[in-house]
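Asker: Here is my input, please return the structure:
(2 chains)
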Number of protein chains: 2
Amino acid sequence: MSEIVPSDPSGSLVERLDLPPVGNGPLDGMTFTVKDNIDVAGHRTSYGSLAWRDAHPAPVHNAVCVDQLLSAGARCVGKVVADEFTYSLDGESQFFGTPRNAKAPERVPGGSSSGSAASVANGLAHFSIGTDSGGSIRVPASLCGLWGMRPSLHRISEAGVLPFMPSVSTVGVLADRFEHLDAAARVLLRSGSRAVAPLRRLLLLTDALDVSDRAVQEQASAALRRIADKAGVPLESVRFSEIAGEDLPLGDCNVKALRDMQTAEFQSTIGNWIETAKPTLGTTFTLAYGNVRRFDRVAALDSLVLCERFFEAINAFLPTGVMICFPTTPVIAPLKGTLTTLKNVLDFYDRTMTITAFSGVGRLPEISAPLLTIDGCPVGLSFAAGHYQDEFLLASARQILGVAA
Amino acid sequence: MSEIVPSDPSGSLVERLDLPPVGNGPLDGMTFTVKDNIDVAGHRTSYGSLAWRDAHPAPVHNAVCVDQLLSAGARCVGKVVADEFTYSLDGESQFFGTPRNAKAPERVPGGSSSGSAASVANGLAHFSIGTDSGGSIRVPASLCGLWGMRPSLHRISEAGVLPFMPSVSTVGVLADRFEHLDAAARVLLRSGSRAVAPLRRLLLLTDALDVSDRAVQEQASAALRRIADKAGVPLESVRFSEIAGEDLPLGDCNVKALRDMQTAEFQSTIGNWIETAKPTLGTTFTLAYGNVRRFDRVAALDSLVLCERFFEAINAFLPTGVMICFPTTPVIAPLKGTLTTLKNVLDFYDRTMTITAFSGVGRLPEISAPLLTIDGCPVGLSFAAGHYQDEFLLASARQILGVAA
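Answerer: Numbering: from 1, shown residues only, chains lettered A, B, ... in the order given. Just a heads-up that it's a prediction; the model follows:
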């Protein structure tokens, strides 16, 4: 806990920075923070781990995505906390503390882009860049009441972003307002003036409601009906079994596909480093990594085949013009310190990843919008589109959410 | 030159291995080698650099792709030479020697998957896994007279494959026969029983002929006419300007798009390591790296935007059912020791990458088929399809090339 930046009530900063823009553009006047698994030249990247930070020299180049933002007019104001090896959805770091959930201070911010969310929600920056594999942008966006976008897999350059799970991990954005999300995302996506199809269909993935708390179900359904009515687009219910073309539960995206891909790839990236460098690991991560170490990757190769089959099926169902929506998380943020029992951990992770794994295996762009409030705490409503339909998703979200251009 | 394996006349082996299969499947009875930037558990990965090898411990896990092959019945018989940091198309390594081009022994094998090509062409294995960013599978396949496939960007897991250029680099296959290429690729692609559209159109990218040697132009045109006639498919000529929708030369895919993306990403991956570890570098790589070091990534961000625009345009032109073809390389293999003058280097690289960058920016799957012979030396003929249309490409190549099922 020695790493906290003084006089940062958000608890989000690993290091306060002031990197001025190197050009002018659509991000003029905006400030941003950088999750601490993304390189900033001259500053060590911790990856959420003190051991990793101390074992690796400072990069001499910014990550490509950082240079894109500075060139488009934005100013970088800090490096912010990430969960250890970004392998968590909690946002409680043994090494860097728990960044403050501005709208629910007694609750976790969600992770692993915990500092990204807290820095924006506490007013330190207009937006933050983070990474998302199993939900690490979408979950903190949902739990902190922010806009968050996980773009299509590999639409944004990952050069200078620490390796994690190459078949799953993306660079993305959290922001206080849609306008900031949209502007930053378009710079990173290198959208140019791409034309997009009009929105034709709005689908509601009902399996995601089924695993959500009653209040989330009710508010999400009501909000989506209002949104669809106002936008003049019919809201159609769809089940994952219709998308998959066979009688499978949505949870299979997680437990029979994405999770095994994640674990196999994690072994080959961080796993190799941990096994040879023998670093000091945090308590929570040590438990999670035990599962990685024991994982039989050869026995799980069928899951990689299923990932590919789900990808095909989901994208065949989501041609351009079609948007699918669901609650971003099934719950509000857990209270701090409660993700310590196996029961609580499994309940939070299994239900959350049942939803987040859908865009993961689909390689979909997904935007979490801060539209629901339950017991005074935020929950996000997510909108997703087919792989590489990022610009269609941004334009359609703007249209149906009535966000000013 | 101390690293050569004794009694290996192919000059391709970094290390002889005998890793038996861990399952049965479509690769039963086949042997393969592994390019030395892909992890094999318990063996150091050199990345083509002695300094890198000595600075990094042996991985404890195989790369995911290696486990896929072993699980499907194949046996791994060796780790094979890669060009330094896989940043070359030459195949002449100062540290590991020049693997033997079996069909043109006085000529280079091409790189950077030089050992992959030589191990297969000299009969050590049925196929080899390599990597391709700017042509590192396709070029040695062409110059050594082998089948080679660069799959769609990110279709094959890159976990355990050394980082290079995340927006460009792919894992792929070189093989002695189409059947072996097809079987290995389908395992790695996790194709399952995916249905594919029938071939409707066969396009010839004429700009690629324009930059090719006269003999390559003539043979490629004649071979494609024969193939199209026999398959009963019309051969339509197309220019890059029609694909791009504006009057641009094919070379812009290289010099105004892919090359800058490669250089910017290389700075953030290997560049950071070189600048901080200060390793001993080879002479040829030192010259190439000088360009990387001097590169102004901020001034080149427009190239990244162009990459995205070309990707869109190329794929809008290549829906499923459409295949595009061109010579893999504009020349036969250069004589060994001749890629030492700036003139020779520029002539080889600029013309070759004018062609190879097309699939690079398009993120296309491309198969190089060993169909041409000029002055007794092999040149490949390439067939490409839209992004993620790998199974369509494999099926269409089998159909029009008359390869038995």
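
Asker: State whether A:Ser46 and A:Asp36 are indeed in contact, as I suppose.
Answerer: Yes - here A:Ser46 lies in contact with A:Asp36, judged by Cβ atoms under 8 Å, at a distance of 4.8 Å. C-beta: built from backbone N, CA, C; applies to glycine.

Asker: got any residues that touch both of the two?
Answerer: A:14, A:82 (Cβ atoms under 8 Å, 6 or more residues apart in numbering or on different chains).

Asker: between those two, who's got more neighbours?
Answerer: A:Asp36 (31 against 26; other Cβ atoms under 10 Å in any protein chain shown).

Asker: show me what contacts that one?
Answerer: With Cβ under 8 Å, 6+ apart, A:Asp36 has these contacts: A:14, A:45-48, A:79-82, A:115.

Asker: Can you flag which of those belong to strands?
Answerer: Taking DSSP state E as the definition of strands, these contribute A:14, A:79-80.

Asker: Can you tell me the closest non-neighbouring residue to A:Ser382?
Answerer: What sits nearest to A:Ser382 in space, not counting adjacent residues and going by Cβ to Cβ, 6 or more residues apart in numbering or on different chains, is A:Thr328, at 4.3 Å.

Asker: With A:Phe326 instead?
Answerer: Leaving out its chain neighbours, A:Phe326 is closest to A:Ala208 (Cβ to Cβ, 6+ apart), at 3.4 Å.

Asker: tally of neighbours for that neighbour?
Answerer: Applying other Cβ under 10 Å, we find 26 residues neighbouring A:Ala208.

Asker: Tell me which residues touch it, please.
Answerer: Applying Cβ under 8 Å, 6+ apart, the residues near A:Ala208 are A:250, A:326-327, A:330, A:354-355, A:358.

Asker: got JSON lines for these, with secondary structure, neighbour count and pLDDT too?
Answerer: Putting the contacts of A:Ala208 into JSON lines (DSSP: H, G, I helix; E, B strand; the rest coil; neighbours: other Cβ atoms under 10 Å in any protein chain shown; pLDDT from 0 to 100) gives the following:
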{"residue": "A:Leu250", "secondary structure": "coil", "neighbour count": "22", "pLDDT": "97"}
{"residue": "A:Phe326", "secondary structure": "strand", "neighbour count": "28", "pLDDT": "98"}
{"residue": "A:Pro327", "secondary structure": "strand", "neighbour count": "28", "pLDDT": "98"}
{"residue": "A:Pro330", "secondary structure": "coil", "neighbour count": "26", "pLDDT": "98"}
{"residue": "A:Thr354", "secondary structure": "helix", "neighbour count": "23", "pLDDT": "98"}
{"residue": "A:Ile355", "secondary structure": "helix", "neighbour count": "29", "pLDDT": "98"}
{"residue": "A:Phe358", "secondary structure": "helix", "neighbour count": "27", "pLDDT": "98"}
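
Asker: JSON lines for these, including distance to B:Gly73?
Answerer: JSON lines is the format used below for the contacts of A:Ala208 (distance: Cβ to Cβ, whole Å):
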{"residue": "A:Leu250", "distance to B:Gly73": "34"}
{"residue": "A:Phe326", "distance to B:Gly73": "41"}
{"residue": "A:Pro327", "distance to B:Gly73": "44"}
{"residue": "A:Pro330", "distance to B:Gly73": "42"}
{"residue": "A:Thr354", "distance to B:Gly73": "34"}
{"residue": "A:Ile355", "distance to B:Gly73": "37"}
{"residue": "A:Phe358", "distance to B:Gly73": "33"}
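
Asker: Buried residues of stretch A:44-58, list them for me.
Answerer: A:44-53, A:56 (16 or more other Cβ atoms under 10 Å in any protein chain shown).

Asker: now stretch A:262-276
Answerer: Neighbour-count burial for stretch A:262-276 flags A:262-274 (criterion: 16+ other Cβ under 10 Å).

Asker: Also stretch A:171-190?
Answerer: By 16+ other Cβ under 10 Å, the buried positions in stretch A:171-190 come out as A:171-176, A:178-190.

Asker: mind listing which of these are in helices?
Answerer: The members of the buried residues of stretch A:171-190 that map onto helices under DSSP state H are A:178-189.

Asker: do you know how far the spatially most central residue of chain A is from A:Ser93?
Answerer: The centroid of chain A falls nearest to A:Ile137 when counting by Cα atoms, centre = their mean (1.9 Å). Separation of A:Ile137 from A:Ser93 (Cβ to Cβ, to the nearest Å) stands at 17 Å.

Asker: got it, and A:Ser237?
Answerer: In terms of Cβ to Cβ, A:Ser237 sits 39 Å off from A:Ser93.

Asker: circling back: residues touching the residue nearest to the centre of chain A, list them.
Answerer: Contacts of A:Ile137 (Cβ under 8 Å, 6+ apart): A:113, A:116, A:130-131, A:148-150, A:170, A:172-174, A:368.

Asker: just the residues you listed now: which is nearest chain B?
Answerer: A:Thr170 (11.1 Å; Cβ to the nearest Cβ).
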